[in-house]
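Undergrad: Predicted model, plus sequence, below.
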Amino acid sequence: MAVVPKLNRLTRWDKFPGVNDAAWFRFMALWQSFASKIEEAFQEIVDLITSVAAVTAAVANKNAVFVQTSAPTATAVDDLWLDSDDGYKAYRWNGMTWEAVQDVGAAYARLGVNSDGTIKTDKVLTVSMIAEAVTTKTYAFTAGSVNITSGSYTYQEVQSATITTTGEDVEIDAYFEIYVIDNCKYKYRILRDGVQVIDLGPVTVSTADGPPAFFRYVDSPAAGTYKYTLEVGVNDAGDIDVLNRGLSAKEIKR
């Protein structure tokens, strides 16, 4: 630990003109903070030197590890030999002979692992690894078009998908393309069993082929069976054709 000189009230700096007790205590606070940082810096240097010395010693005295089928020629006491012809049974060189230290093969067997590190085939119940254990999903797609007429954003259904969930989050993906008949604005939304869960827009379109729409929404319903519906509505200015309508619902099982 570095030695840092300490200042106290015996150092009578308040004898100087303009230096009062308040100024003195402010100075002392700053000095103590500075002194603490110096001590920390010196300690970091000491720790670094200690670490470097430890690493250097470890490198200088490192032991060899042999992985082979027959007993090797040891280079120093505490060398390690893993017998690859006997389930990687471990031996330590005691200066005279190789003595067994642990039956690695037996440990592997208890863990259901082969000697090469792979999992034993009889330790996995494959019948339980079914697709539904990852996600439950449904998808609907229709290429044909649906005409959406003007009407103060009166919504019309363009696609739907039904899913049965266990109470985990449901990820909704919706996609559609539009063909503009008259310049207008449109909105779109997702409903769950007839109740709106999200709405987007309005979007202004003026070219014959409007930009496709794609969005994702994560819903959090209780366990049950639900019908998700994609709807589109147009303002009073015009109408559009909606085509290539896709809607997917996927339960994300954590």
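TA: Yep, that arrived.

Undergrad: Quick check: beta-bridge partners of the closest residue to Leu200 other than its chain neighbours?
TA: Distances taken as CB to CB, 6 or more residues apart in numbering place Tyr188 nearest to Leu200, at 5.7 Å, with adjacent residues excluded. Placement of C-beta: from N, CA and C, glycine included. Beta-bridge partners of Tyr188, counted by DSSP bridges, are Leu200, Val232.

Undergrad: Help me confirm that Tyr188 comes into contact with Asp199.
TA: Yes - at 7.3 Å, Tyr188 counts as touching Asp199 under the criterion of CB atoms under 8 Å.

Undergrad: still on that earlier bit, so what's the residue nearest to Leu200 up against?
TA: By CB atoms under 8 Å, 6 or more residues apart in numbering, the residues touching Tyr188 are 174, 176, 199-201, 213, 230-233.

Undergrad: Please tell me how far it sits from Ser150.
TA: 15 Å (CB to CB, to the nearest Å).

Undergrad: ditto for Ala213
TA: Distance of Ala213 to Ser150, computed by CB to CB: 18 Å.

Undergrad: picking up where we left off before, can you go through the contacts of Tyr188 and name the buried ones?
TA: Restricting the contacts of Tyr188 to buried positions leaves 174, 176, 213, 230-233, with burial counted as 16 or more other CB atoms under 10 Å.

Undergrad: List just the nearest of those residues to Asp78.
TA: Taking CB to CB as the measure, Ala174 is the one of these closest to Asp78, at 65.1 Å.

Undergrad: Including pLDDT and distance to Val158, could the buried ones among the contacts of Tyr188 go into TSV?
TA: Below are the buried ones among the contacts of Tyr188 laid out as TSV (pLDDT from 0 to 100; distance: CB to CB, whole Å):
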residue	pLDDT	distance to Val158
Ala174	91	9
Phe176	88	6
Ala213	84	11
Leu230	94	5
Glu231	93	7
Val232	91	5
Gly233	88	10
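
Undergrad: Assign a three-state SS to Glu40, would you?
TA: The three-state assignment at Glu40 reads helix, by DSSP: H, G, I helix; E, B strand; the rest coil.
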